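1. Here is a sequence together with a model predicted from it:
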Amino acid sequence: MENERKSTKKKTETKTTKKPDTTKKTTTAGNKKTTTKETKKVTITKKEEIEEASEENTGKTISFSLGVAVIVVLVLIGSIILGIAISSKNNKDGNSNENNGSKGNSSSNFSSLNIGDYVSYTPKTDSTTYSLNSVYSGYSQERIINQDSELKWRVFSINNDGSISLISAKPTAQKVTLNGAAGYNNGVFLLNDICNQLYSNKEIGAVARSISYEDVLSKMQSTEINEPTVITYNSPFNRYPIIYRYEKGSATEGSAILTEGIEMSDNYYSVATTDSDTGSELPLTCTQNLQIIGNPSRLFQDQSMYTTLFNTDFKYWMATRGVYPSEEKAYFTIRTISEGTFDLKAIYVSDGTFSDLESYLRPIVTISAYSYKRGAGTESDPKVIY
């Protein structure tokens, strides 16, 4: 019995002894719960720290973006101020059209120039003399044509291509003489060539030539176009300068009338020619290309331009051929302006006769790129072309 009681007591003690283990497990379980709560608390704390860091970074990003924007704005403002400063300097230096003129080939360059303004233009050429050979002019002797350094210049036209044309305020001081078939054949070429050689300026792209009949017509408000006279001549009144066989409206050696040929102011020859006159038993037909205009002043709206062109004390050449057929003979000439009207004096006649004709030059200078200093545009205070 005692043994059984002892055995039972041991079992009871054993069970009792296991209770602390249960308590430990409970405690352990309690510790685990406590750890989980602490982990959650730590997790929440970390999240708050991340959110605070994120907000701090966002603030830094916004601040950086604002800084960049401020820099860009400052750069733009600086560029604008610099541009204004450069523009102001250019204006002071004379690069503004409004103040001192300009250089280029835009029609805006001429906003401060007017037709008729006086300008101070200086020709610059390889030589100031031109040797006119008698073989080419038809005159009996060689002539030396000198550059007229005393010429004054005026604005003749402001052209659609952006160039400007000047005309000498009066004819040159020295005459040029043409004669006969040679003078007729070479007249247009020689007049243009003399002006080109004596009054151009390569440094500013200025090219000179002689005034032409078309230049004068371009300044008229209206023109009178008469029905051209066409007359056929037989021998011995059928001689003609060689160049005439190529002119529009001609019919030489019995041929049909040319409907397409060189115009009266065209340069047919690229150099002066020794061609003279010719004729045969075959008929010559001439078409009038000389318009007879009486009292041309009435055809000018701008009377100051009429005065510039016609009211001169000197007869001057136009680089334009002219043919006037009368009932008996045809008259060939290089056209001139004299005493307020167009002159009709011939240098060659279809019966083979010829005569001298002397006149002054009237250069026109066309400038494609130029500069000018502002002036009043008067004779005493011209604008300076350079």
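-> Looks like it came in fine. Residues are numbered from 1 along each chain as shown.

2. Could you report the neighbour count for the residue nearest to residue 226 when sequence neighbours are not counted?
-> Nearest non-adjacent residue to residue 226, counting by CB to CB, 6 or more residues apart in numbering: residue 291, 6.0 Å away. C-beta here means a position set from N, CA and C on the backbone, and glycine is covered the same way. Neighbour count of residue 291, defined by other CB atoms under 10 Å: 15.

3. Would you mind splitting this structure into its domains for me?
-> 2-91, 107-385 (automatic domain parsing).

4. Could you pull up the mean pLDDT of the first one?
-> By that I understand domain 2-91. Mean pLDDT, domain 2-91: 45.

5. Over to stretch 246-254?
-> Mean predicted lDDT for stretch 246-254 stands at 95.

6. Name the surrounding residues that touch it.
-> 228, 230, 232, 240, 244-245, 257-264, 268, 280, 282-287, 289, 321, 323 (CB atoms under 8 Å, 6 or more residues apart in numbering).

7. From these, list the buried ones, please.
-> With neighbours counted using 16 or more other CB atoms under 10 Å, the contacts of stretch 246-254 contain these buried positions: 240, 244-245, 258, 262, 264, 268, 283-287, 289, 321, 323.

8. So what does residue 136 have for phi and psi?
-> phi -90, psi -40 (degrees, to the nearest 10).

9. The closest residue to it other than its chain neighbours: helix or strand, and which one exactly?
-> Counting by CB to CB, 6+ apart, residue 136 lies nearest to residue 272, which is 3.9 Å off, once chain neighbours are set aside. In the assignment (DSSP states H and E), residue 272 maps to no helix and no strand.

10. now residue 186
-> helix 180-199.

11. ok, then the element right after that helix?
-> Scanning onward from helix 180-199 (DSSP H and E), the first element met is strand 206-210.

12. if you average pLDDT over that following strand, what comes out?
-> Rounded mean pLDDT across strand 206-210 is 97.

13. what does stretch 309-325 give?
-> 93.

14. gap between the two ends of that stretch?
-> 27 Å (CA to CA, to the nearest Å).

15. Of all the residues in that stretch, which ones are buried?
-> Buried, per 16+ other CB under 10 Å, within stretch 309-325: 309-310, 312, 314-325.

16. Repeat that for stretch 124-142.
-> Buried, per 16+ other CB under 10 Å, within stretch 124-142: 125, 130, 132, 136-139.

17. ditto for stretch 291-305
-> Here stretch 291-305 shows 293, 296, 300, 305 as buried, counting by 16+ other CB under 10 Å.

18. among these, which two are most distant?
-> The widest separation within the buried residues of stretch 291-305, taken as CB to CB, falls between 293 and 305 and amounts to 15.2 Å.

19. before we move on, back to that, could you tell me what pLDDT the model assigned to the residue nearest to residue 226?
-> On the pLDDT scale, residue 291 gets 74.
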